[in-house]
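>>> A structural model of the following input is requested.
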Amino acid sequence: MAITIRDIDQHYYMIEALKSLTETNVTTKALIKGGYLAVEIGEKLEKETILRLKAETELAELKEKIAFFIQSKEALLKSIG
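This next block holds a predicted model:
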């Protein structure tokens, strides 16, 4: 497989960081490993996003329950007093 990279000076630091991240000195290997890494990280991000949204929903429900409890407590105290 042949990969042509134009303006290599512009991408030098990114490629060097990618080589370091993928632990290879070969640019094409680093690019391929980087692609797989990006897919893996994307999948993890999607899963974490789903978990975060679920946690936010649960938190909103708990806040609503607490607010209802406080309102009920205040109403009870008013009716007693």
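>>> show me what the strand or helix carrying Glu64 is packed up against.
Counting by DSSP states H and E, the element that carries Glu64 is helix 27-80. Applying 3 or more CB pairs under 8 Å, 6 or more residues apart in numbering; DSSP states H and E, we find helix 27-80 packed against helix 8-22. The way it works is simple: take the backbone N, C-alpha and C, and place the C-beta from them, glycine included.
>>> can you name every helix or strand that the helix it packs on contacts?
helix 27-80.
>>> angle of the helix it packs on against helix 8-22?
With axes from the mean of the first three to the mean of the last three CA atoms, to 10 degrees defining the directions, helix 27-80 sits at 70 degrees from helix 8-22.
>>> chain center to helix 27-80, what's the gap?
Relative to its chain's centre, helix 27-80 lies at 11 Å (CA atoms, centre = their mean, to the nearest Å).
>>> going forward, begin numbering at 14 instead of 1
OK, 14 is where the count begins now, so the last one is helix 40-93.
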